[in-house]
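*Asks:* Take this sequence and fold it.
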Amino acid sequence: MTGGVVALEALLKHTVLKLSLCGGLSVLGFLSGCGESTGFEGPTPIPITELPAKYSAAICAAYGTCVGALLPLFLGGEDCTTNLRRVVEDELPNFQTAVMSGKAKYDGTKLQACADKLAGLGCDAIYQRDIDECVATLSGTVAAGQACTMDVECAKGNYCKGVACPGICSAREAAGGSCDADTDCASGLACHSGKCETLAKVDEACGLATSPDCSAGLTCVGADSKAKKVGKCRPNAEAFKGSVSESCDPQAGVLCKEGSVCTIQSFGVAGLVAACTAPLAAGAACKASYPDACPLDEYCKLSGNIALGMVDGACTKKPKAGEPCGVGLLGGDICAPNWRCNKAKTCIVEERAGGSCESADICYSGTCTGGKCVAGGKCN
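*Replies:* Residues are numbered from 1 along each chain as shown. Alright, predicted model coming up:
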């Protein structure tokens, strides 16, 4: 599958499911320091214990505005707020250390204004850096060119560059600069294949290997990589427009309205034939669809390989607790919410910091070091 579906899947998985705290949160200026301030006049400082809940609620509200009611479907039944809260909770000790060492400052009286700003940004929250209201909440004190161990220590406009400790506080990368994460890049840029790139805007080209990804809130419509046909970035609402019984094409980013799914009727040498259909009941016979037509705790387990034109199956409970991983429409691994597929293709529980791991996917933090899940955002 190519085009709009892949781009939207990548956006959601990267920014919601796999958001690294060091990159994804601290560079917004929201979480760089986590000690409580004292001696302020005005609003009462928000206790540090409320920080994870404040952040997760704000950023998930922004994502909800960006994607709308489709967000739970594309998260596979997982809860955005719960996932992010757990990531922040795992990261908090690092931020407290930065504040206690004097390498970051935190002002709890500004936290609510930061949260309100983030929640109201919608799609713009995804690629924004150094939001004023959040920089006022915290600020790194380590100047550019000085040693650092995590992004939160670096002054506004900088990140901690380097994998081995210590890193160096350096200006965020401009377009074309090397990167490991979106938040290594300047505001408005994304990290793609190790380089910071400018995202395509409305009506700009997308969908080919040489084209940039669409900006948040846009879907690549009309692309066909096999035919080397470029698409155009269009608002999500234009992609999700099909009513039940109308034709759709997940390869070209032509999808269905909320409350219906794009179901593949046939797929072979003659091409793909698909139409918008209503969601299915538990245990029902199903066909490959996007998003999955089955209830959130089930998936359409196909009876054969979709690449061979086999699109029929049955709604089946998502596997967990040592069961073999399922296979999704786009070839991804399927496990029950908050379970992850290991290298042996068995579902295991997603781990908090300190839990055992064999890959970053197993960890809420998205970081696995020495066989243990660790909070993201620190050099090693």
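
*Asks:* distance of residue 122 from residue 280?
*Replies:* Residue 122 is 31 Å from residue 280, where distance means Cβ to Cβ, to the nearest Å. All C-beta spots, glycine's among them, are computed from the backbone N, C-alpha and C.

*Asks:* Ok, residue 94 next?
*Replies:* Distance from residue 94 to residue 280, by Cβ to Cβ: 44 Å.

*Asks:* Is residue 136 in contact with residue 108, as I believe?
*Replies:* No - using Cβ atoms under 8 Å as the test, residue 136 is too far from residue 108 to be in contact (11.3 Å).

*Asks:* ok, the two, which is more surrounded?
*Replies:* residue 108 (23 against 16; other Cβ atoms under 10 Å).

*Asks:* Now do the end-to-end distance for stretch 334-342.
*Replies:* Terminal residues of stretch 334-342 are spaced 11 Å apart (Cα to Cα, to the nearest Å).

*Asks:* Report the buried residues of that stretch.
*Replies:* 334, 335, 336, 337, 338, 339, 340, 341, 342 (16 or more other Cβ atoms under 10 Å).

*Asks:* Run through the bridge partners of the residue nearest to the second one when sequence neighbours are not counted.
*Replies:* Going back to what we said before, that points to residue 335. Counting by Cβ to Cβ, 6 or more residues apart in numbering, residue 335 lies nearest to residue 347, which is 3.9 Å off, once chain neighbours are set aside. With DSSP bridges as the criterion, residue 347 is bridged to residue 341.

*Asks:* ok, then the element right after the helix or strand containing residue 300?
*Replies:* Using DSSP states H and E, residue 300 maps to strand 298-302. Moving toward the C-terminus from strand 298-302, the first helix or strand encountered (DSSP H and E) is strand 312-317.

*Asks:* Who does the following helix or strand past that next one pair with, and is each partner parallel or antiparallel?
*Replies:* Next helix or strand after strand 312-317 toward the C-terminus (DSSP H and E): strand 326-327. Here strand 326-327 has these sheet partners by DSSP bridges: strand 333-334 (antiparallel).

*Asks:* Report the distance from the partner strand to the chain centre.
*Replies:* Here strand 333-334 is found 17 Å from its chain centre; the criterion is Cα atoms, centre = their mean, to the nearest Å.

*Asks:* can you check stretch 85-104 too?
*Replies:* Stretch 85-104 sits 21 Å away from the centroid of its parent chain (Cα atoms, centre = their mean).

*Asks:* in the stretch 151-300 of the chain, which spans are strands?
*Replies:* 158-161, 167-171, 189-192, 195-198, 205-206, 218-221, 231-235, 240-242, 255-256, 261-268, 271-277, 285-287, 289-290, 298-302 (DSSP state E, counting those that start in this stretch).

*Asks:* okay, and for the chain, where does confidence drop off?
*Replies:* 1-42, 270, 330 (pLDDT under 70).

*Asks:* What's the local residue count around the nearest residue to residue 124 once chain neighbours are set aside?
*Replies:* Leaving aside its chain neighbours, residue 124 sits nearest to residue 216 (7.3 Å; criterion: Cβ to Cβ, 6+ apart). By other Cβ under 10 Å, the residues close to residue 216 number 22.

*Asks:* host element of residue 63?
*Replies:* helix 51-67.

*Asks:* Can you list the buried residues in that helix?
*Replies:* 51-52, 54-67.

*Asks:* With stretch 95-108 instead?
*Replies:* 95, 96, 97, 98, 99, 103, 104, 105, 106, 107, 108.

*Asks:* and if you look at stretch 253-268?
*Replies:* Buried, per 16+ other Cβ under 10 Å, within stretch 253-268: 253, 254, 255, 256, 257, 260, 261, 262, 263, 264, 267.

*Asks:* Between those, which sits nearest residue 228?
*Replies:* residue 253 (16.3 Å; Cβ to Cβ).

*Asks:* ok, the closest one touching residue 218?
*Replies:* No - counting by Cβ under 8 Å, residue 253 stays clear of residue 218, with 9.8 Å between them.

*Asks:* so what sits against both of these two?
*Replies:* Common contact partners of residue 253 and residue 218 (Cβ atoms under 8 Å, 6 or more residues apart in numbering): residue 234.

*Asks:* packing partners for the strand or helix carrying residue 95?
*Replies:* Using DSSP H and E, residue 95 sits within helix 80-100. Where contact means 3 or more Cβ pairs under 8 Å, 6 or more residues apart in numbering; DSSP states H and E, helix 80-100 is packed against helix 21-24, helix 51-67, strand 104-106.

*Asks:* coming back round to it: residue 94 and residue 280: which has the busier surroundings?
*Replies:* residue 94 (26 against 21).

*Asks:* so who does the more buried one touch?
*Replies:* 22, 150, 152, 375, 377, 378.

*Asks:* tell me the secondary structure for the fourth one?
*Replies:* Put simply, residue 375 is coil when judged by DSSP: H, G, I helix; E, B strand; the rest coil.

*Asks:* what's the distance between it and residue 158?
*Replies:* For residue 375, the distance to residue 158 - Cβ to Cβ - is 20 Å.

*Asks:* Between the two, tell me which one has more neighbours.
*Replies:* residue 375 (26 against 23).

*Asks:* In this structure that one contacts residue 366, no?
*Replies:* No - in this structure residue 375 lies outside contact range of residue 366 using Cβ under 8 Å: 9.9 Å.

*Asks:* now the residue nearest to residue 124: how far from residue 72?
*Replies:* Separation of residue 216 from residue 72 (Cβ to Cβ) stands at 18 Å.

*Asks:* Against residue 59, how distant is the closest residue to residue 88 other than its chain neighbours?
*Replies:* Nearest non-adjacent residue to residue 88, counting by Cβ to Cβ, 6+ apart: residue 52, 3.9 Å away. Distance from residue 52 to residue 59, counting by Cβ to Cβ: 11 Å.

*Asks:* Lovely, talk soon.
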